[in-house]
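1. With the input below, show me the fold.
(chains A, B and C)
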Amino acid sequence: MHTTSAVNGANYLTYQGKYRGLLGWILSTDHKRIGLLYLYSIATMFSIGVLLGLAMKFELLAPGKTVMDAQTYNATFTVHGVIMIFMVVIPGLPAVFGNLMLPIMIGAKDVAFPKLNLLSWYLYVFGVVLVLIALFFGQGVPDTGWTFYAPYSFKSGTNLLPAIFGAFVLGFSSILTGLNFLVTIHRLRCPGMKWTKLPLFVWTLYGTAWIQLLATPVVGITLVLVALERTFGVGVFDPALGGDPILYQHLFWIYSHPAVYIMILPAMGAISEIIPTFSQKHIFGYKAIIASTMAIAFVGYLVWGHHMFTAGMSGTAQYYFSLLTFIVAIPSAIKVFNWISTLYKGSINIQTPFYWAISFIFVFMIGGLSGLVLGSLATDIYVHDTAFVVAHFHYIVFGGTGFAFFAAMHYWFPKIFGRMYDKAWANIGWLVFTIGFLALYSPMFYLGMMGMPRRYYDYLEEFHGGNILSTFGSWIMVTGFVIILANLIRSARKGSPAEVNPWKGKTLEWTVSSPPPVLNFDKDPVLGEKDGPYNYE
Amino acid sequence: MEEHIHHVEHPDMYDPESSKIGMWLFIFTELLLFGGLFLVYSVYRYMNADAFHLAAEELNTTIGAINTIILLVSSMTIAMSTTALQKGHKKVAMALVVVTFLIGFGFLVNKYFEWGVKFDHGIWPGSEHLINNMSQGEILFFGLYFVMTGLHALHIIVGLVIMGFAIRGINNGKVNAERPSLLDNCGLYWHLVDLIWIFLFPLFYLIT
Amino acid sequence: MSEEKHHIVPYRLYAIVLLVLLTLTFASIGITGIELGAYTVAGALLFAILKSYLVLIYFMHLKYDKPYIRIMVVFVFAIFVVVLVITMLDYLYRV
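-> Numbering: from 1, shown residues only, chains lettered A, B, ... in the order given. Okay, the predicted model is just below:
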């Protein structure tokens, strides 16, 4: 009986099956190859999004027009948002690391529906193409903001239909990934892998998958309604015909708030893998992290109105949403205590993933605490639609999902590519990036409190100093990103061969070869009573 | 050797329960998709109760009722077909699915005529008659009417397509008592279409 | 690999469920004749809920499936209802 790795001595990277070369990748239903396809696509879109962000920061280097006029600036922040939200941070960790690692972590050969998995990636690519069509053809680049607020979204003369359709298709990709992961986790766990022995990354993917599944359809139908409004004038959000634009906002945020939990839950899951490994200690409060994960996933559906405090909702609604927003902060905070407590009396191994994890906790906390300022009605009125909000969500999404993505990348890299990166350069990259990040976004808190509005290409002279610092920060951060990227790309091809378990992790992916064999395991794993993740005795 | 490699790359992962849960999860997305529209309906109904009453008079309750009845019957026939398949009665199963298909098609024909009558009366989204002669509440009612019944009809079409595959599968033996998932899941999807209509019917036709 | 074979649902049971569904349908049409004012919606929805319950439990097989699927279905409807109620908090209390 052949073992999988002996079929032609190949791992999933080098294996040649029915198709060869590039076809063997874009027609592959192997979850690991699909994970890499997502990694390369998402990295590409992220880089484009970064360039757009740099362009915005460059415009904001000085008051008045610097390099672009208002219309161009509006289009730039719209596309920046659409790319970063729908093409980077929402697919982000689940599509890349979920695909690469989930089946291995639960002892399975692949996900439940491998062909559907490939379809998810095709839909992602199709969605990207549709949005690109909106940019390069038609009446002008969309300028509504990624939030597509009515009534402007159906009045704007720019080429919105392909962008809306693209977002819809991307949403469908997300739904199918969530569906696949849910069935995988329910049905494909190896013998002995009980729910209470699942690694925390898997638990967060589970919670995330429910959100992907249930929340995305709501933005789907909302986008359809906007498209119908543009085409047929149905009237659903048009005040002239009796529609309520605030209803659009309700529908939009009913998805888009849970969406931020799609972004952050897997990030927290990855950090929950890294901290125990680099403390060589069992995670503190495994069950508390599971409970808080599911609590965040559920309560996250109930707070969307905190994006709409100044829109014109009733007072009752405002009170209610503010209260729930404070409540949802609690399970997130619990996790931070769990991570710190894990470190206490652990045997700390200071490596690149650990640096990323620690800085994640730092920036995530700042982002989260600034969220409380926004969640409180009295203070939100003051800072809504200012640079303060921009700082908040970049801290929490970029600092949260982004840092966790880099952390996960540097953690699982040896497993994925079978090679180790240059650790010195990885650490330098981290340091430069983090310094740049802090310089880029910290001034925005202050600028927002002083009254600088967001989504404006111009500002008052008194905001000039803060903006200069912020723009310089963007250049430092991008330098760090280039260092990180160059190191990873070079090491994937020429790095020194990695061991099976370089970080001494305890989850199943660290028991298979680096890179893993095509069907993940030579022999189906079986978990005994005493086995489990993080069992550092 | 070729076959072995193929087998290595694509192990047979058929698991009826996974298949069933997969379909249920997809159904959940459809429930939330239409849920968004029901939410819009609820808000505007609350804000324009009288106008909605008035506008609903324009709809033909008899045709709506007929559609409701035939859809319920078709739900029964496709449910029965799963029983037939499990008993190994291939021809009965086929016949039942074909009947379901024909009923579903009949539903679409009814809808075609119903909408035709509306268009004849000058009522469609963005029409002059609608904009100039009707109150805002009525405009919203008809906007929602066309969007929701239209989206529902689209799902009927999808259901018919899936049924086509199920019929083919039963015919060539690939869908059978040991491997019933395509038919079972087709049935689940059809019941979903029925469920949505169960709510659409009273909310649009019975609020006079 | 497959679950325990649930018992095969007899044709008769499906036919009976259909009869009940049709009865409920006629009843829901009938009560529109009665002037109920604000409770018309509630009445119409009540019948719709009863009918959906029957479709879910019998036609869609939930009665014979493992409990966790039923739990998921309840959960999904619950989420929808909760979101609807919260949204109405805005519209019900606008001045």
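2. Is B:Trp124 in a helix, a strand, or coil?
-> coil (DSSP: H, G, I helix; E, B strand; the rest coil).
3. mind checking the longest helix of chain C?
-> helix C:67-92 (DSSP state H).
4. A:Leu440 - how many residues pack around it?
-> 24 (other CB atoms under 10 Å in any protein chain shown). In this view, the C-beta of every residue, glycine as well, is placed from N, C-alpha and C.
5. Would you confirm that it contacts A:Ser474?
-> Yes: counting by CB atoms under 8 Å, A:Leu440 does reach A:Ser474; the two are 4.9 Å apart.
6. Residues that sit against both of those two, list them.
-> Taking CB atoms under 8 Å, 6 or more residues apart in numbering or on different chains as the contact rule, A:Leu440 and A:Ser474 both touch A:Lys57.
7. residues from the stretch 301-450 of chain A in reach of chain C?
-> Selection of the stretch 301-450 of chain A residues close to chain C by CB under 8 Å from any CB of the partner chain yields A:Tyr301, A:Leu302, A:Gly305, A:Met313, A:Ser314, A:Gly315, A:Thr316, A:Ala317, A:Tyr320.
8. per-residue confidence for residue 52?
-> Assuming you mean chain A. pLDDT, A:Leu52: 97.
9. nope, chain C please
-> pLDDT, C:Ser52: 97.
10. now swap in B:Met148 and tell me
-> B:Met148 is assigned 97 on the pLDDT scale.
11. how is chain C carved up into domains?
-> C:1-64, C:66-95 (automatic domain parsing).
12. between these, which has the poorest average model confidence?
-> domain C:1-64 (a mean of 86).
13. Please compute how far that one lies from its chain's middle.
-> Chain-centre distance of domain C:1-64: 7 Å, with CA atoms, centre = their mean, to the nearest Å.
14. Equivalent analysis for stretch B:34-45, please.
-> 18 Å.
15. That stretch close to chain C?
-> Yes: under the criterion of CB under 8 Å from any CB, chain C is reached by stretch B:34-45 at B:Gly35, B:Phe38, B:Leu39, B:Ser42, B:Val43, B:Arg45.
16. can the residues you listed go into TSV with extra columns for neighbour count and pLDDT?
-> Formatted as TSV, the residues of stretch B:34-45 next to chain C follow (neighbours: other CB atoms under 10 Å in any protein chain shown; pLDDT from 0 to 100):
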residue	neighbour count	pLDDT
B:Gly35	25	97
B:Phe38	19	97
B:Leu39	22	97
B:Ser42	17	95
B:Val43	24	96
B:Arg45	20	93
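17. Just these: which are in helices?
-> Assignment to helices by DSSP H places the following of the residues of stretch B:34-45 next to chain C there: B:Gly35, B:Phe38, B:Leu39, B:Ser42, B:Val43, B:Arg45.
18. of those, list those near chain A.
-> Within these, those near chain A by CB under 8 Å from any CB are B:Gly35, B:Leu39, B:Val43.
19. Isn't the second one up against A:Tyr248?
-> No: when contacts are counted by CB under 8 Å, B:Leu39 is not listed as touching A:Tyr248 (11.8 Å).
20. so B:Glu17 makes contact with A:Arg187?
-> Yes: shown here, B:Glu17 and A:Arg187 form a contact pair, counting by CB under 8 Å, at 6.5 Å.
21. what sits in contact with each of these two?
-> By CB under 8 Å, 6+ apart, B:Glu17 and A:Arg187 have no common neighbours.
22. Let me see the mean pLDDT of the helix or strand where B:Lys91 lies.
-> Using DSSP states H and E, B:Lys91 sits in helix B:90-120. What helix B:90-120 shows for mean pLDDT is 96.
23. Let me see the contact set for the residue of chain C found nearest chain B.
-> Using CB to the nearest CB, C:Ala44 is the residue of chain C that sits closest to chain B, at 3.6 Å. Neighbouring residues of C:Ala44 by CB under 8 Å, 6+ apart: B:Pro202, B:Leu203, B:Leu206, B:Ile207, C:Ser28, C:Ile31, C:Thr32.
24. Give me the neighbour count for C:Lys63.
-> Using other CB under 10 Å, C:Lys63 has 12 neighbouring residues.
25. What distance do you get for the residue nearest to it when sequence neighbours are not counted to C:Phe80?
-> Once flanking residues are discounted, C:Lys63 sits nearest to C:Ile57: 4.7 Å by CB to CB, 6 or more residues apart in numbering or on different chains. When CB to CB, to the nearest Å is the yardstick, C:Ile57 and C:Phe80 sit 19 Å from each other.
26. hmm, stretch A:185-204 touching chain B?
-> Yes: for stretch A:185-204 and chain B, the contact criterion (CB under 8 Å from any CB) is met by A:His186, A:Arg187, A:Leu188.
27. One more: stretch A:22-31?
-> Yes: using CB under 8 Å from any CB, stretch A:22-31 reaches chain B at A:Thr29, A:Asp30.
28. And for that stretch, what's in contact with it?
-> Contacts of stretch A:22-31 (CB under 8 Å, 6+ apart): A:12, A:15-19, A:33-34, A:36-37, A:99-100, A:102-103, A:110-111, A:114-115, A:117-118, A:518, B:9-10.
29. And for stretch A:296-306?
-> A:207-208, A:210-211, A:214-215, A:250, A:253-254, A:256-258, A:260-261, A:265, A:313, A:317-318, A:320-322, A:324-325, A:327-328, A:331-332, A:374-375, A:380, C:79, C:82-83, C:86, C:90.
30. which of the residues in that stretch are buried?
-> By neighbour count with 16 or more other CB atoms under 10 Å in any protein chain shown, stretch A:296-306 contains the buried residues A:Ile296, A:Ala297, A:Phe298, A:Val299, A:Gly300, A:Tyr301, A:Leu302, A:Val303, A:Trp304, A:Gly305, A:His306.
31. on that earlier part again, farthest pair within the residues of the stretch 301-450 of chain A next to chain C?
-> Of all pairs drawn from these, the greatest distance, 21.9 Å, lies between A:Tyr301 and A:Gly315 (CB to CB).
32. Pull the number of nearby residues for C:Leu21.
-> C:Leu21 is flanked by 26 other residues according to other CB under 10 Å.
33. Could you tell me the end-to-end distance of stretch A:149-168?
-> Terminal residues of stretch A:149-168 are spaced 16 Å apart (CA to CA, to the nearest Å).
34. and it, average pLDDT?
-> The model assigns stretch A:149-168 a mean pLDDT of 93.
35. what does stretch A:377-393 give?
-> Across stretch A:377-393, the average pLDDT comes to 97.
36. Convert it to CSV, retaining C-alpha atoms only.
-> In CSV, the C-alpha atoms belonging to stretch A:377-393 read as follows (Å, rounded to 0.1, in the frame of the first residue of the first chain):
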residue,chain,number,x,y,z
LEU,A,377,-23.0,58.7,22.2
ALA,A,378,-21.8,62.0,23.6
THR,A,379,-18.2,61.7,22.4
ASP,A,380,-19.2,60.1,19.1
ILE,A,381,-21.1,63.1,18.0
TYR,A,382,-17.9,65.0,18.2
VAL,A,383,-15.5,62.7,16.4
HIS,A,384,-17.9,61.0,13.9
ASP,A,385,-16.7,61.4,10.3
THR,A,386,-13.3,62.8,11.5
ALA,A,387,-9.8,61.5,11.2
PHE,A,388,-10.3,59.9,14.6
VAL,A,389,-12.6,57.3,13.1
VAL,A,390,-10.0,56.6,10.4
ALA,A,391,-7.3,56.1,13.1
HIS,A,392,-9.6,53.8,15.0
PHE,A,393,-10.4,51.4,12.2
